[in-house]
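*Asks:* From the sequence below, what's the structure:
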Amino acid sequence: MTRRLELTPGGPSGRRTLAEEAAAELHELILSGELPSGTALRLEELAKRLDMSQMPIREGLRRMQALGLVEIVPHKGAWVRELSMEDLRDTHETRLALESLAVRAAATRFSEADAALARAALAEHVRLSKVGDIIASRQAHTEFHFAIYRAGGSRWLPRAIEPVWQNSERYRFGSRQTKARIEQTRREHQAILDACLAHDEAGAEAALREHLEGAMQRITETMARRYNKA
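*Replies:* Purely as a prediction, here's the structure:
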């Protein structure tokens, strides 16, 4: 069912190069929060942690830089990009602009085959959310959205969305969802899917915007609580 995004590090299990393996490991450590924002990324320490040489680690860091998750400054080092309200707002506004274009394009040509991919990803997302598998649930959520965005037929728009999407994933904080939240999110996703199936461009964009605005509000509230505790 799943199809890896073009910029997502790593390939299918058992077929990765060392650089792909390093990138995939770094990617998960950053998105899960095990390497928090602002963490210095020292080659020697990472090589020990991931049990590999520094060369693939260096390439993995370059791939994280391409995704916007890591900052690298020559002769100074590398670190996980900081989280901030300014970056969150910038990320959100960029996603709104790009994903609105993508979902409108998808709605003009959405097929039953496209719907089957999206339905399968959505069902998997709901199932995994209920059992608390945060990592796999996040991947299924990504597959749902990109199944729709790829349906628009653009070669470049999904690629333009992905780095911003990856950055936004860092703001989810991995909290376990309640049954009510899981159901609300399912309904939001279903509304996007239904509008695409009806070839309703305006309806698809409206449903997407409602979904993203709701997520933005929840993340903003979570960040505010965290900063108030600091």
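*Asks:* alpha carbons only for contacts and neighbour counts from here, please
*Replies:* OK.
*Asks:* ok, now which ones touch the closest residue to residue 83 other than its chain neighbours?
*Replies:* Among residues not flanking residue 83 along the chain, residue 37 sits closest, at 6.0 Å (Cα to Cα, 6 or more residues apart in numbering). By Cα atoms under 8 Å, 6 or more residues apart in numbering, the contact list for residue 37 reads 30, 79, 80, 81, 82, 83.
*Asks:* Now name the helix or strand holding residue 72.
*Replies:* Following DSSP states H and E, one finds residue 72 within strand 70-73.
*Asks:* List the buried residues of that strand.
*Replies:* 70, 71, 72 (16 or more other Cα atoms under 10 Å).
*Asks:* now the chain, which segments are flagged as low pLDDT?
*Replies:* For the chain, applying pLDDT under 70 flags the ranges 1-15, 173-176, 226-230.
*Asks:* Quick check on the contacts of residue 37: which are buried?
*Replies:* Neighbour counting by 16+ other Cα under 10 Å classes 30, 79, 80, 81, 83 among those as buried.
*Asks:* contacting residues for the second one?
*Replies:* This means residue 79. The neighbours of residue 79, taking Cα under 8 Å, 6+ apart as the test, are 37, 38, 39, 40, 41, 70, 71, 72.
*Asks:* Tell me the one of the residues you listed nearest residue 130?
*Replies:* Using Cα to Cα, residue 37 is the member of these that sits closest to residue 130, with 27.8 Å.
*Asks:* quick check, the closest one in a helix?
*Replies:* No - using DSSP: H, G, I helix; E, B strand; the rest coil, the assignment for residue 37 is coil, not a helix.
*Asks:* Just the closest of the contacts of residue 37 to residue 124, please.
*Replies:* residue 30 (23.3 Å).
*Asks:* SS state for the closest one?
*Replies:* What three-state DSSP gives for residue 30 is helix.
*Asks:* Who are the contact partners of residue 110?
*Replies:* If a contact means Cα under 8 Å, 6+ apart, then residue 110 has 151, 152, 196, 197, 199 as its contacts.
*Asks:* Next, work out how far apart the third one and residue 115 are.
*Replies:* From residue 196 across to residue 115, the span is 8 Å (Cα to Cα, to the nearest Å).
*Asks:* Does residue 119 lie in a helix or a strand, and which?
*Replies:* Following DSSP H and E, one finds residue 119 within helix 112-131.
*Asks:* packing partners for that helix?
*Replies:* Helix 112-131 sits against helix 134-150, helix 179-197, with contacts defined as 3 or more Cα pairs under 8 Å, 6 or more residues apart in numbering; DSSP states H and E.
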